[in-house]
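*Asks:* structure for this input, please:
(one chain, ligands or ions: 1)
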Amino acid sequence: RSGWPGIIRAYQDRITLPDGAKVVTLQEGGTPLLEAPHLSELSGCQVYLKVEGANPTGSFKDRGMTVAISHALAAGATAVICASTGNTSASAAAYAARAGMTCAVLVPRGKIALGKLAQAVAYGARILQIDGNFDDCLELARKTAAEYPVELVNSVNPVRLIGQQTAAWEICDALGRAPDVHLLPVGNAGNITAYWQGYSAYANDGVVAAAPRLFGFQAEGAAPLVRGEPVRDPDTIATAIRVGNPASWAGAIAARDASGGLIDMLSDERLLEAYHLLAGREGVFVEPASAISVAGLLMTAGDGRLPAGSTVVCTVTGHGLKDPDTALANMVPVEPVPVSPGAVASALELG
Ligand code: F0G
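*Replies:* Sure thing, here's the model as predicted:
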C-alpha cells in the first residue's frame, strides 16, 4: 500500500471535488483482493475476498466518507451528522476529526458493536443515542440536517456513493476484468447501489467487457428487500445490517434487476457458520454482517444459482475486531496451564 494516495487521488479522473477543495483522506481504499482457496474448493468457483476491514477505520465506509467530508469542508461546513449502526459513525468521526469538524452520531440504543462505539469515543464524536432503531435515527438525522446548519453524511448524500464505487473499480483493475458474480451484504442498500454504479461506469466506458451479476444478502430478521415491505423491528446478530427500511431501496432493486442478480436472506445461524469458516479456514476475521456474503456464496453454490466455475468476489465489509462480543461469545475457552513446557505440550497433546 505504500504510495497509495487514497481513493480520491487514485481515481481523480472519475471523482471530482469542487475547485480548490482540500482532500480529506486517511489513504483509504487499495484494500486486498484476496484469493480464498478453501471457499473456492467448497463452491466450485474461483473465489476472491475484497477485504474492506483493511480500511483506516476498519470498514468500507471510509471510501464514501473521504468524499463526503472533503465536500462538506469545501462547502464551509463546521459540523456533520449521521445515523449509524456503528461503522458510518466510526468513519464520519475519524474524517471529521481529520478535517477539524465537529461530528455528531445518532445511534440506536444498545445495538452498537463495542469496537465501533470505542472508535466514535476515541475520535471525539458527540454520541447521541435514541430510543429507536437505525431507521428512526436516519429520519431524525435527515430532519435535523434539513433544518439546522449541519451536513448530513449518510449515504443519502449522493457523494458518499461516488466514493464507494471505487471498490468495484479496484476489483476490475486487479483482475483485469469484472468478476462474473459479486456477492455482498445489504443493509441500508447504499453499497450495492454504489457497486452497480461503479461496475456499470466501467462497462459503459469499455474498461471491462461486462458488469457482473450482483447477489445481495440480508439477514432473515431484517430482510425488507426480500419480503417486499419494510420490517418494523429488524433483528439479527449482525447489528451492522439491522435495517428495516433501506434508504437506497430503489437502487438495490435496480442493481439486482439490471445485473440479472438476486437478493436473498439467510439465518443468523448460517451467517455465524460462515463467520467461523472465514476466520478459521481463510484467516480472515470479519464482523458478522460481512460473513453473510460468504454464507450467500455457499447457499447459492449449493442450490445451483451460482454457476460452477464462475469468477466470484465476496465483499467482506468490516473488520472482526469491530464486534469483540460476538467473537468471544463463540470462542474456545482460555485454558489455564502451569508455567512448564511439559504442561503446554500435554495440553496440546504433543506427546
Ligand atoms: N456491512 C457492514 C459492516 C456495514 O456496516 C453495513 C452498513 C453494511 C454491510 C451494509 O451496507 O447499508 O450500504 O447496504 N452499515 C451502516 C452503518 C448502516 O450505519 O454503518 P449498506
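
*Asks:* relative to the ligand, how far out is residue 278?
*Replies:* Separation of residue 278 from the ligand (C-beta to the nearest ligand atom, to the nearest Å): 13 Å. Quick note: C-beta positions are derived from backbone N, CA and C, even for glycine.

*Asks:* so that residue touches residue 284, yeah?
*Replies:* Yes: using C-beta atoms under 8 Å, residue 278 is in contact with residue 284, at 4.9 Å.

*Asks:* and the two? which has more neighbours close in?
*Replies:* Set side by side, residue 278 and residue 284 show more neighbours around residue 278, with 25 against 22, by other C-beta atoms under 10 Å.

*Asks:* can you give me the domain boundaries for the protein?
*Replies:* 7-55+160-329, 61-157 (automatic domain parsing).

*Asks:* a markdown table for the ones you listed, including mean pLDDT?
*Replies:* Shown next, in a markdown table, are the domains of the chain (pLDDT from 0 to 100):
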| stretch | mean pLDDT |
| --- | --- |
| domain 7-55+160-329 | 98 |
| domain 61-157 | 97 |
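
*Asks:* before we move on, the earlier item: what touches both of residue 278 and residue 284?
*Replies:* 49, 316 (C-beta atoms under 8 Å, 6 or more residues apart in numbering).

*Asks:* which one is residue 320 nearest to, not counting chain neighbours?
*Replies:* Once flanking residues are discounted, residue 320 sits nearest to residue 285: 3.2 Å by C-beta to C-beta, 6 or more residues apart in numbering.

*Asks:* for the ligand, see how far away the one you found is.
*Replies:* Using C-beta to the nearest ligand atom, residue 285 is found at 13 Å from the ligand.

*Asks:* that residue: what's it in contact with?
*Replies:* By C-beta under 8 Å, 6+ apart, the residues touching residue 285 are 53, 278-279, 319-321, 327.

*Asks:* rewinding a little: can you redo the domains of the chain as TSV with distance to residue 350?
*Replies:* Listed next are the domains of the chain as TSV, based on distance: least, C-beta to C-beta, whole Å:
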stretch	distance to residue 350
domain 7-55+160-329	21
domain 61-157	35
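
*Asks:* neighbouring contacts of stretch 143-154?
*Replies:* Contacts for stretch 143-154 (C-beta under 8 Å, 6+ apart): 65, 68-69, 72, 75, 77-84, 88, 92, 104, 138, 141-142, 157, 160, 188, 247.

*Asks:* quick one: name the residues of the stretch 51-200 of the chain near the ligand.
*Replies:* 59, 61, 84-88, 155, 185-191 (C-beta under 6 Å from any ligand atom).

*Asks:* which of these fall within strands?
*Replies:* Among these, the residues falling in strands (DSSP state E) are residue 185.

*Asks:* which of the residues of the stretch 51-200 of the chain next to the ligand fall in helices?
*Replies:* 61, 87-88, 190-191 (DSSP state H).

*Asks:* most surrounded residue in these?
*Replies:* Busiest of these [other C-beta under 10 Å] is residue 61, holding 34 neighbours.

*Asks:* contacting residues around that one?
*Replies:* 55, 87-88, 90-92.

*Asks:* from those, pick the one nearest residue 258.
*Replies:* Proximity of the contacts of residue 61 to residue 258 (C-beta to C-beta) peaks at residue 88, which lies at 25.7 Å.

*Asks:* the closest one and residue 82 touch, don't they?
*Replies:* Yes: counting by C-beta under 8 Å, residue 88 touches residue 82, with 5.2 Å between them.

*Asks:* what sits in contact with each of the two?
*Replies:* 105, 153-154.

*Asks:* can you tell me which of the residues you listed is nearest residue 6?
*Replies:* Using C-beta to C-beta, these come closest to residue 6 at residue 153, 16.9 Å.

*Asks:* that closest one: how many residues sit nearby?
*Replies:* Counted with other C-beta under 10 Å, residue 153 comes out at 34.

*Asks:* what about it, distance to the ligand?
*Replies:* 11 Å.

*Asks:* and if you look at residue 210?
*Replies:* Distance, residue 210 to the ligand, using C-beta to the nearest ligand atom: 23 Å.

*Asks:* quick check: that residue touching residue 179?
*Replies:* No: Residue 210 lies out of contact with residue 179 (C-beta under 8 Å); the separation is 10.4 Å.

*Asks:* so which bits of stretch 8-15 are buried?
*Replies:* 8, 10-11, 14-15 (16 or more other C-beta atoms under 10 Å).

*Asks:* also near the ligand: which of those residues, exactly?
*Replies:* Restricting the buried residues of stretch 8-15 to those near the ligand - C-beta under 6 Å from any ligand atom - leaves none.

*Asks:* so which of these are in helices?
*Replies:* Using DSSP H, the subset of the buried residues of stretch 8-15 located in helices is 8, 10.

*Asks:* can I get the buried residues of stretch 8-15 in JSON lines including distance to residue 267?
*Replies:* JSON lines is the format used below for the buried residues of stretch 8-15 (distance: C-beta to C-beta, whole Å):
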{"residue": "8", "distance to residue 267": "39"}
{"residue": "10", "distance to residue 267": "38"}
{"residue": "11", "distance to residue 267": "37"}
{"residue": "14", "distance to residue 267": "38"}
{"residue": "15", "distance to residue 267": "38"}
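
*Asks:* nearest to the ligand, of the buried residues of stretch 8-15?
*Replies:* Of all the buried residues of stretch 8-15, residue 15 has the smallest distance to the ligand: 18.3 Å, by C-beta to the nearest ligand atom.
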